[in-house]
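# The sequence isn't on hand, but the structure is:
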């Protein structure tokens, strides 16, 4: 993957503006509400009965933060996301048994959360860089599936 | 994944807020479609300027959003109501239906940017379902 200086700057900027404690929980609760079949992976999280329950669920919030910290690692290792995520890929495939199609769904919800927080400063150019970053992350997560 | 009464109510209420900002939303959505997914530019090779915010993009973005607003009024029979538009897309424009997902995604981004507080997860799921149904109706006459 080749990153331009512009793309690197945009990704740093977007992460810089993110409140990790809020964005992660918001993105995870959004994916569970917008694509309810994703709830299949969170049977142990308790009450996911309706959107209010999901948004207030402390396990969802905690896990949203875990996810965003994982993305932070990718951002800090942009030139080798593939290897940075090797174990995460094995985890999602072998232990969690997550259908890789779900990665894109969460990526899209995170993009929407960022759009709500950044408004028009989330320009088309930044969106392109951000979606390229997420595509690389998703591809790295899919790599160890067989 | 058909629209429930709740979905329809949410869509109608939310798009009433969208109507006054149709041009803004259309510009954001189409600009992003052309910029973030450059393969979509192939359908607009007859335009001089495909850059975000150009006159052509603004005008056509508005056309698209107006059509979506019209579809809200036709929500109880999208297939019937959008038949002519489907024929247009199928026989004249011949837009690959895979692109409907792309413009839908960018419509959602435009809505999220413009209505950060109103575009809640509940609104998001109903609008996403609605746009998917619109795409299905648009694909009706393809084959």
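Great, that's in hand. What you are looking at is a predicted structure, and each value in this text was computed from that prediction instead of being measured. Numbering: from 1, shown residues only, chains lettered A, B, ... in the order given.

# Straight-line length of stretch A:37-54, end to end?
End-to-end distance for stretch A:37-54: 13 Å, by CA to CA, to the nearest Å.

# near chain B at all, it?
Yes. Applying CB under 8 Å from any CB of the partner chain, one finds stretch A:37-54 touching chain B at A:51, A:54. Where C-beta positions appear, they are placed from N, C-alpha and C, glycine not excepted.

# what comes up buried for that stretch?
For stretch A:37-54, the buried set under the neighbour-count rule, 16 or more other CB atoms under 10 Å in any protein chain shown, comprises A:38-39, A:41-42, A:45, A:48, A:51, A:54.

# Pick out the most distant pair among these.
Spatial extent of the buried residues of stretch A:37-54 (CB to CB) is set by the pair A:41 and A:51 at 17.7 Å.

# Tabulate the buried residues of stretch A:37-54 (JSON lines), appending secondary structure, pLDDT and distance to residue A:130.
Converted to JSON lines, those look like this (DSSP: H, G, I helix; E, B strand; the rest coil; pLDDT from 0 to 100; distance: CB to CB, whole Å):
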{"residue": "A:38", "secondary structure": "helix", "pLDDT": "95", "distance to residue A:130": "21"}
{"residue": "A:39", "secondary structure": "helix", "pLDDT": "96", "distance to residue A:130": "26"}
{"residue": "A:41", "secondary structure": "helix", "pLDDT": "93", "distance to residue A:130": "24"}
{"residue": "A:42", "secondary structure": "helix", "pLDDT": "95", "distance to residue A:130": "25"}
{"residue": "A:45", "secondary structure": "helix", "pLDDT": "97", "distance to residue A:130": "28"}
{"residue": "A:48", "secondary structure": "coil", "pLDDT": "97", "distance to residue A:130": "28"}
{"residue": "A:51", "secondary structure": "helix", "pLDDT": "97", "distance to residue A:130": "25"}
{"residue": "A:54", "secondary structure": "helix", "pLDDT": "98", "distance to residue A:130": "25"}
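
# For residue A:111, see how far away residue A:77 is.
21 Å (CB to CB, to the nearest Å).

# actually residue B:111, not the one I wrote
12 Å.

# Between the buried residues of stretch A:37-54, which sits nearest chain B?
Nearest to chain B among the buried residues of stretch A:37-54: residue A:51, at 5.2 Å, using CB to the nearest CB.

# for the closest residue to that closest one other than its chain neighbours, helix, strand, or coil?
Counting by CB to CB, 6 or more residues apart in numbering or on different chains, residue A:33 is the residue found nearest to residue A:51 once chain neighbours are left out, at 4.7 Å. Following DSSP: H, G, I helix; E, B strand; the rest coil, residue A:33 is assigned to helix.

# Residue B:61: helix or strand, and which one exactly?
Using DSSP states H and E, residue B:61 sits in helix B:55-73.

# Give me the distance between whichever helix or strand comes after that helix and the centre of its chain.
Under the assignment DSSP H and E, the closest C-terminal helix or strand after helix B:55-73 is helix B:78-81. Centre-to-centre, helix B:78-81 and its host chain are 15 Å apart (CA atoms, centre = their mean, to the nearest Å).

# Quick check: what element follows helix B:78-81 along the chain?
Past helix B:78-81, the next helix or strand by DSSP H and E is helix B:83-87.

# Mind listing residues that contact that following helix?
By CB atoms under 8 Å, 6 or more residues apart in numbering or on different chains, the residues outside helix B:83-87 that reach it are B:67, B:137-142.
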